[in-house]
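Asks: 3D model of this:
(one chain, ligands or ions: 3)
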Amino acid sequence: MTEALEDLRDGKPVLVHDFEDRENEVDMVYLAGEVTHDKVARLRNDAGGLVCVAVHPDAARRLGLGYMSDKLAKAGDERLVDADLGYDDRSSFSTWVNHRSTRTGVTDNDRAKTVRRIADAVETVLAGGVFDFPSEFRAPGHVAVLRGHDDLLDGRQGHTEMSLALADEAGEVPATVVCEMLDDETGDAMTVDDARRYADENDLAFLTGEGFARLVH
Ligand SMILES: O=C(CO)[C@H](O)[C@H](O)COP(=O)(O)O
Ligand SMILES: [Mg+2]
Ligand SMILES: [Mg+2]
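Replies: Ligands and ions are numbered 1, 2, ... in the order given. Okay, the predicted model is just below:
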């Protein structure tokens, strides 16, 4: 994991597989505070899934970023809640946002700006500062915020919590970008073998869910 932590600090992506009996997907992961438009382009072109920002639960709480499933239930849309995933108890989706300085919110520049500013918000509130999230972000938007489980890896072992564990181990702000790697030919998730091949060809670290076991208490 040491190589992965160094890569993250150096602004390189890390590939993270969860588990065969979970999503069985490989995500491309960056530290959110380092994301620039070229990194969003790499996520879009080489990964292809949904560009999301995972945030530490303490920050999510202070920023008012609850689970979307809870918001739906409170709004009377209980029947829409994703309680039947099959691979996990719940998703980690919170709110989808754009930074208010963006135009449409979907370009690589816009999404990079939104991602970086979410990381700033996380850093600010975890340092005890105040951040008025709605004053800077509009919803719905093009970047999905993912809220880490309150017990982090001890409570849930999704890419959300694994990526936050990497940021923590790296001593960095616990805000990460995760994006699933998809396969253009099959229409499914990229296989672990193909993702490993991509990691080897691009000199990237490849981690699996089992590799996080020592961090689960
Ligand atoms: O659903 C997702 C958001 O696009 C992805 O699977 C991402 O990996 C985060 O989710 P999880 O923590 O459940 O793996
Ligand atoms: Mg998923
Ligand atoms: Mg996932």
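
Asks: quick check, stretch 53-70 touching ligand 3?
Replies: No. Contact of stretch 53-70 with ligand 3 (CB under 5 Å from the ion) is absent, the minimum separation being 9.7 Å. For glycine as for every other residue, the C-beta is placed from the backbone atoms N, C-alpha and C.

Asks: now the helices for this structure?
Replies: 2-9, 37-42, 57-63, 68-74, 108-126, 133-136, 159-169, 192-201 (DSSP state H).

Asks: Mind putting those helices into a markdown table with distance to G48 and mean pLDDT?
Replies: Listed next are the helices of the chain as a markdown table, based on distance: least, CB to CB, whole Å; pLDDT from 0 to 100:
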| stretch | distance to G48 | mean pLDDT |
| --- | --- | --- |
| helix 2-9 | 21 | 95 |
| helix 37-42 | 10 | 98 |
| helix 57-63 | 26 | 98 |
| helix 68-74 | 22 | 96 |
| helix 108-126 | 14 | 98 |
| helix 133-136 | 28 | 98 |
| helix 159-169 | 15 | 98 |
| helix 192-201 | 12 | 98 |
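
Asks: for the ones you listed, which one ends up most surrounded?
Replies: helix 159-169 (a mean of 24; mean count of other CB atoms under 10 Å).

Asks: Quick one: name the residues of this protein near ligand 1.
Replies: Applying CB under 6 Å from any ligand atom, we find that the chain lies next to ligand 1 at 18, 23, 25, 27, 49-50, 52, 88, 91-92, 146, 158-160, 178, 180.

Asks: Same list (the helices of the chain) but as TSV, adding distance to T208.
Replies: Formatted as TSV, the helices of the chain follow (distance: least, CB to CB, whole Å):
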stretch	distance to T208
helix 2-9	11
helix 37-42	21
helix 57-63	24
helix 68-74	27
helix 108-126	25
helix 133-136	34
helix 159-169	10
helix 192-201	8
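
Asks: Give me the phi and psi for G158.
Replies: For G158, the backbone dihedrals (degrees, to the nearest 10) come out as phi -100, psi 180.

Asks: For ligand 3, what's its nearest residue on this structure.
Replies: Closest to ligand 3 within the chain is H159: 3.6 Å, counting by CB to the ion.

Asks: if I look at the most far-flung residue of the chain relative to its centre, how far off is L65?
Replies: Here the chain reaches farthest from its C-alpha mean at G76, the gap being 27.4 Å by CA atoms, centre = their mean. According to CB to CB, to the nearest Å, G76 stands 21 Å off from L65.

Asks: again with D110
Replies: According to CB to CB, D110 and L65 sit 19 Å apart.

Asks: and what of C179?
Replies: 19 Å.

Asks: repeat for P13
Replies: Counting by CB to CB, the gap from P13 to L65 is 24 Å.
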